[in-house]
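**Student:** kindly generate the corresponding structure for this input.
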Amino acid sequence: MNTDVVIVGGGPSGLTLGLALARHQVKSIILEKEHEITQDPRGVVLTGDALRSLWTLGLGKHVSSIGQELHSLNFHTTTHQNEPFYRTMLDSDVLEHALPCTILQSQPRLEYFLRHLVASSEYCTLQSGCEVVSRDEQANGVTVHYLDSDKTPHQIHAAWLVGADGKRGVVRKHFLEPSAGVRQETGIFEYEGIWIAANLKITLPTPQSHPDLALWTAGLDPESVYDLFWPANWHFCRPPGKPVACGRFGPHSDRLWRHEFAVPEWNDSMDASAKFWEHLTPLITRKIRPLHSGCPVEVTFPRDCIEVLRCRPFRFSHRVVNKWFAERTMLIGDAAHVFPPFGGQGVACGVQDALGLAWRLAILTKVGSLAHSRTLRESLLQAWADERRMGTDNSARLTRQNGELCNKEGSWSLPVQLACLNVADAFLGALGIRLGPFRADSQGYRGCVGGGFSTEDGGGIKLGQVYVQTRLPDSSTLRVELSDQALRHVPTILTLLVVAPIQCSEMDQELIALHKVLRQSKMDPAVLSEQSIVQFDPSDSSDHLPSASRWPVCRVAPADLLIGYPVRPGYSSGQFMRRLGDPRARYVILRPDNIVIAMSRDLGGLKGSLDALERNLS
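**Tutor:** Got it, this is the predicted structure:
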């Protein structure tokens, strides 16, 4: 059996990579050891650019079935019964991508819908119950040996092998560690800690099921009781007491709760369940004042309404691989990096690994000369590795920031520091300047030496996202969609964005010259060609989009067309051009992950950018 890419591991990272490759018509086979989706929810946070990327792959319509939006991060002293000493509000469009900032997700549901998308793809296949046992590397590819569910041996030959099989997976531990010295090492900060992690399913008590519960005499209904004991959003608790990370996750109707707390005193003779109930019981006990009594009474949430789906200790650390690839084998997701539970970055970081790798593997697959040139191949993959190390470090900084607020007891200076941070964030945000590690990924890879872009030509930034009106070639339909979708109405790996008003008297002659420049370029047509053009009108003109065009044409959708769309507070139709940075930019070479490779103000500048890109790919 032959394919382009073998992916070991059918979790979020591996499934995302398969879907992203399929968008470029690159074939992949995903080998997953388990027969069915693991029903124990693991990662519960889907955040930032990862959510944006999955939305573009087709997951957007399923998000409400996967989880609930996170509206705030809350930091408390000792217990979430206390008012937060610090709160980060996430309702507005803080990442400038027109979507929720974070979803508190059920990972089994996420994987279910990702698998559904894979099943509908002609380029990607998932094979469950397959245990990878060995690999053979050749000059032109990799042969992967595996056992199916009946222990029958099989083999697949592919050009590339990607390990997405977790921190103890076979690809790193058994293939790359012995042969290439690839191992996970301490990242930008050192952390080792044992936490007990529990997943709970809550059932609402009712006056009928629990008639003696004093809550009813306080005027509460079942939904109010749920909100009182299991408050919405996500909560961190710092000492005095044990550090805690807890909150709701999954669809609201599932009533799931994740509860994690540090147990530095842990040893294997301890009973995790007993430690859990000892810790949880005070947190689910409240003093309630009945309506017709002046004396408050202590009420504990009924234990028979709490189903423990999982409760066991985990050893958390922050580690990153010292090398992301060797020859034709790469690592993504937990196989490449692991984080403590303070930032919710595990799934998101793995998704970004996959998106950054997919378009590069597409180029290596479709441009034959690259695949056979070890120097060019390693240059392309090293740029990916450098970018993802920067992305991983950004995720680690957010994790460390949350961890410091969660693990350390407060000092007299903390309120002053937090107040200054809030004031600075609000002031700079009003100027379009995004502060801090929470927004770092949305700013792209500027500052990454060796990244896959030209810093001198404005590359490395990540485009914002807005709602646009789009007309496709030979179509009479005018659609309202997100700009990420509009920019991918091209058959090539890269997009050439032309920023110009629709009604421009000089545009016809300019486009003739543009086509000439593209025809003269020696770029492989699978990567960039005349079919790569998408025109974006930055003006607020009310002129109609042309009824006929040789390429997709779009402009910012006016507010009156967005009635009924989920427009977020703080959304700005100007954030697309603001993030681009140069109001005079005319031509933008764009990657599928919305990172700018280069931008130019005229055709001469574009020709220089194309020549530089061609040199990197030949």
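
**Student:** and the protein, what are its domains?
**Tutor:** 2-59+100-188+318-407, 192-316, 453-616 (automatic domain parsing).

**Student:** span of the first one from start to end?
**Tutor:** Pointing back at domain 2-59+100-188+318-407 there. Terminal residues of domain 2-59+100-188+318-407 lie 50 Å apart, using Cα to Cα, to the nearest Å.

**Student:** which among the domains of the chain is found nearest to L73?
**Tutor:** Shortest distance between L73 and the domains of the chain, using Cβ to Cβ, is found for domain 192-316: 5.6 Å. C-beta here means a position set from N, CA and C on the backbone, and glycine is covered the same way.

**Student:** for that closest one, what is the average pLDDT?
**Tutor:** Averaging pLDDT along domain 192-316 gives 93.

**Student:** so of the domains of the chain, which one's packed in deepest?
**Tutor:** Highest mean neighbour count of the domains of the chain: domain 2-59+100-188+318-407, a mean of 21 (counted as mean count of other Cβ atoms under 10 Å).

**Student:** now distance to L73 too, for the domains of the chain, in a markdown table please.
**Tutor:** Shown next, in a markdown table, are the domains of the chain (distance: least, Cβ to Cβ, whole Å):
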| stretch | distance to L73 |
| --- | --- |
| domain 2-59+100-188+318-407 | 8 |
| domain 192-316 | 6 |
| domain 453-616 | 17 |
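
**Student:** thought N199 was touching P41, still the case?
**Tutor:** Yes - the pair P41 / N199 is scored as a contact, 5.4 Å apart, by Cβ atoms under 8 Å.

**Student:** where exactly do the strands run in the stretch 251-400 of the chain?
**Tutor:** 256-262, 285-288, 297-300, 306-317, 319-321, 325-326, 329-331, 337-338 (DSSP state E, counting those that start in this stretch).

**Student:** ok, now which ones touch T285?
**Tutor:** E298, V299, T300, F301 (Cβ atoms under 8 Å, 6 or more residues apart in numbering).

**Student:** one more time with 6 Å, if that's ok
**Tutor:** E298, T300 (Cβ atoms under 6 Å, 6 or more residues apart in numbering).

**Student:** may I have the beta-bridge partners of it?
**Tutor:** Applying DSSP bridges to T285 gives these bridge partners: T300.

**Student:** any figure for the gap between it and F249?
**Tutor:** 23 Å (Cβ to Cβ, to the nearest Å).

**Student:** for R479, same thing?
**Tutor:** Distance from R479 to F249, by Cβ to Cβ: 33 Å.

**Student:** next one: F85
**Tutor:** Using Cβ to Cβ, F85 is found at 23 Å from F249.

**Student:** backbone dihedrals for V556, please?
**Tutor:** Per-residue torsions, V556: phi -60, psi 130 (degrees, to the nearest 10).

**Student:** can you pull the contacts of it?
**Tutor:** Counting by Cβ under 6 Å, 6+ apart, V556 touches V466, V468, S573.

**Student:** which residues does it bridge with?
**Tutor:** Applying DSSP bridges, one finds that V556 bridges with V468.

**Student:** retrieve the pLDDT associated with it.
**Tutor:** 93.

**Student:** quick one: residues contacting the closest residue to Y467 other than its chain neighbours.
**Tutor:** Leaving aside its chain neighbours, Y467 sits nearest to A557 (4.2 Å; criterion: Cβ to Cβ, 6 or more residues apart in numbering). The contact partners of A557, by Cβ under 6 Å, 6+ apart, come to Y467, V468, Q469, V480.

**Student:** measure the closest residue to the third one other than its chain neighbours to I533 for me?
**Tutor:** Right, Q469. Nearest in space to Q469, with sequence neighbours left out and distances taken as Cβ to Cβ, 6+ apart, is A557 at 5.0 Å. A557 sits 21 Å away from I533, going by Cβ to Cβ.

**Student:** same deal with V225?
**Tutor:** In terms of Cβ to Cβ, V225 sits 58 Å off from I533.

**Student:** for I284, same thing?
**Tutor:** Using Cβ to Cβ, which is the criterion applied here, I284 is 59 Å from I533.

**Student:** cool, S539 as well?
**Tutor:** 18 Å.

**Student:** R397 now?
**Tutor:** Counting by Cβ to Cβ - R397 and I533 are separated by 38 Å.

**Student:** over to E34?
**Tutor:** E34 is 44 Å from I533, by Cβ to Cβ.

**Student:** do Y191 as well
**Tutor:** For Y191, the distance to I533 - Cβ to Cβ - is 48 Å.

**Student:** and what of K151?
**Tutor:** K151 is 52 Å from I533, by Cβ to Cβ.

**Student:** which parts of the stretch 501-618 of the chain are strands?
**Tutor:** Ranges of strands in the stretch 501-618 of the chain, per DSSP E, counting those that start in this stretch, are 533-537, 553-556, 587-590, 596-600.

**Student:** pLDDT on stretch 396-403, on average?
**Tutor:** On average, stretch 396-403 scores 84.

**Student:** what's it in contact with?
**Tutor:** G187, I188, F189, H318, F339, P340, F342, G343, Q345, P437, F438.

**Student:** out of these, the closest to Y112 would be?
**Tutor:** The nearest one, if we look at the contacts of stretch 396-403 relative to Y112 and count by Cβ to Cβ, is Q345, at 22.3 Å.

**Student:** for that closest one, which non-adjacent residue is spatially closest?
**Tutor:** In space, Q345 is closest to S395, 3.8 Å off (Cβ to Cβ, 6+ apart).

**Student:** one step back: from the contacts of V556, pick the one nearest H235.
**Tutor:** For these, the nearest to H235 is V466 (32.7 Å; Cβ to Cβ).

**Student:** these two touch, right, the closest one and S483?
**Tutor:** Yes - taking contacts as Cβ atoms under 6 Å, V466 lies within contact range of S483: 5.2 Å.

**Student:** could you give the angle of the longest helix anywhere in the chain to strand 256-262?
**Tutor:** In the chain, assigned by DSSP state H, the helix with the most residues is helix 374-407. Computed by axes from the mean of the first three to the mean of the last three Cα atoms, to 10 degrees, the angle separating helix 374-407 from strand 256-262 equals 80 degrees.

**Student:** from here on, count from 48
**Tutor:** All set: I'll call the first residue 48, so the last point we hit is now helix 421-454.

**Student:** starting at the chain centroid, how far to helix 421-454?
**Tutor:** 13 Å (Cα atoms, centre = their mean, to the nearest Å).

**Student:** for R333, what are its contacts?
**Tutor:** Applying Cβ under 6 Å, 6+ apart, one finds that R333 lies in contact with V346.

**Student:** got it, and E158?
**Tutor:** I84.

**Student:** now it: how far from G56?
**Tutor:** From E158 to G56 the distance is 11 Å (Cβ to Cβ).

**Student:** would you reformat the contacts of V603 as CSV and include pLDDT and distance to S316?
**Tutor:** Compiled in CSV, the contacts of V603 are given as follows (pLDDT from 0 to 100; distance: Cβ to Cβ, whole Å):
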residue, pLDDT, distance to S316
V513, 96, 57
V515, 95, 61
S620, 92, 61
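
**Student:** turn those residues into JSON lines, including distance to L558.
**Tutor:** Formatted as JSON lines, the contacts of V603 follow (distance: Cβ to Cβ, whole Å):
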{"residue": "V513", "distance to L558": "24"}
{"residue": "V515", "distance to L558": "20"}
{"residue": "S620", "distance to L558": "25"}
